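> I'd like to go over a predicted model; first the sequence, then the structure.
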Amino acid sequence: MNIQTIINDSLAGSLAAQENFVSQSSEALITAVNLVVECFERGGKLLLFGNGGSAADAQHLAAEFVNRFLINRRPLAALALTTDTSILTSVGNDFSYDDIFAKQISALGKREDLALGISTSGNSANVIAAFGEAKEIGMKTVALTGCNGGKIRGNVDLLLNVPSDHTPHIQETHIWIEHMICQLADEKMFGSLA
């Protein structure tokens with residue numbers, strides 16, 4: 001296989017994952033946007049979490065809301081639970097890596113907040129534990145997953161599942177979904193959809 005074929009095949013696979021998500025889950029995406037907007041409008045904050053590339057996505061999404069996405073507007077309360085190495089390592093060391101997000105949800109989460117967890121496989125134990133803690137508090141929960149949704153399926157209020165088994169294409173679709181959440185939330189709160 002030559003380099004150009006690899007490039008073309010990768011692009012085709014990425015586009016197919018996005019198109020399959022849109023054809024199956026456009027309404028769920030709109031619901032997610034509405035949950036984010038409702039959270040911000042009631043004075044809540046968006047708590048974001050995931051592992052590895054999903055941790056980077058959580059940080060990326062928090063930055064888009066706190067700073068700006070495409071339009072200049074007031075900062076919106078979003079926090080990535082993946083960034084404080086002292087908390088992550090102390091909880092992981094003293095208790096379990098499975099508790100690193102749940103303890104932060106317990107400490108920081110309020111009923112008016114929204115928990116948004118990202119797990120490519122849908123099986124990340126620490127993401128699942130965080131959703132359990134969020135539900136105890138009474139928070140709404142949204143998950144971005146891939147494959148068949150894994151163990152997270154059925155354990156959140158809203159599932160945004162990318163129907164693919166190819167990790168890079170799931171992650172590429174996740175960032176597209178996250179950008180759409182930012183753009184549509186901004187439009188609903190401050191732009192042409194307001």
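Good, I have the coordinates. Residues are numbered from 1 along each chain as shown.

> quick check: phi and psi on Thr120?
phi -60, psi -40 (degrees, to the nearest 10).

> how close does it get to Ile105?
Distance of Thr120 to Ile105, given as Cβ to Cβ, to the nearest Å: 20 Å. Every C-beta, even on glycine, is put in place using the N, C-alpha and C of the backbone.

> do Ala16 as well
Using Cβ to Cβ, Ala16 is found at 34 Å from Ile105.

> more neighbours: the two, which one.
Between Ala16 and Ile105, Ile105 has the larger neighbour count (other Cβ atoms under 10 Å), namely 25 against 15.

> just checking, next helix/strand downstream of the helix or strand harbouring the more buried one?
Per DSSP states H and E, Ile105 falls inside helix 102-108. Of the helices and strands lying after helix 102-108 in sequence (DSSP H and E), the nearest is strand 114-119.

> report the buried residues of the very next helix or strand once past that following strand.
Sequence order places helix 125-137 as the next helix or strand after strand 114-119, per DSSP H and E. Of the residues in helix 125-137, those buried by neighbour count under the rule 16 or more other Cβ atoms under 10 Å are Asn126, Val127, Ile128, Ala129, Ala130, Phe131, Glu133, Ala134, Lys135.

> same list, the residues you listed, but as CSV with distance to Gly50 and pLDDT please.
Below are these laid out as CSV (distance: Cβ to Cβ, whole Å; pLDDT from 0 to 100):
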residue, distance to Gly50, pLDDT
Asn126, 9, 98
Val127, 6, 98
Ile128, 12, 98
Ala129, 13, 98
Ala130, 10, 98
Phe131, 12, 98
Glu133, 15, 98
Ala134, 14, 98
Lys135, 18, 98
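
> which residues in the chain form helices?
3-41, 53-66, 85-94, 102-108, 125-137, 167-190 (DSSP state H).

> nearest to Leu159, out of the ones you listed?
Among these, helix 3-41 comes nearest to Leu159, with 7.0 Å by Cβ to Cβ.

> what's the closest non-adjacent residue to Lys103?
Nearest residue to Lys103, sequence neighbours excluded (Cβ to Cβ, 6 or more residues apart in numbering): Val91, at 5.1 Å.

> let me fix that: Cys147
Among residues not flanking Cys147 along the chain, Asp165 sits closest, at 5.5 Å (Cβ to Cβ, 6+ apart).

> tell me how far the one you found lies from Gly149.
Counting by Cβ to Cβ, the gap from Asp165 to Gly149 is 12 Å.

> the two: who's more crowded?
More neighbours surround Gly149 than the other of Asp165 and Gly149, with 21 against 12 (other Cβ under 10 Å).

> wait, the more buried one sits on Leu159?
Yes. Gly149 is in contact with Leu159 according to Cβ atoms under 8 Å; the separation is 5.6 Å.

> give me the common contacts of the two.
Jointly contacting Gly149 and Leu159 under the rule Cβ atoms under 8 Å, 6 or more residues apart in numbering are Ala143.
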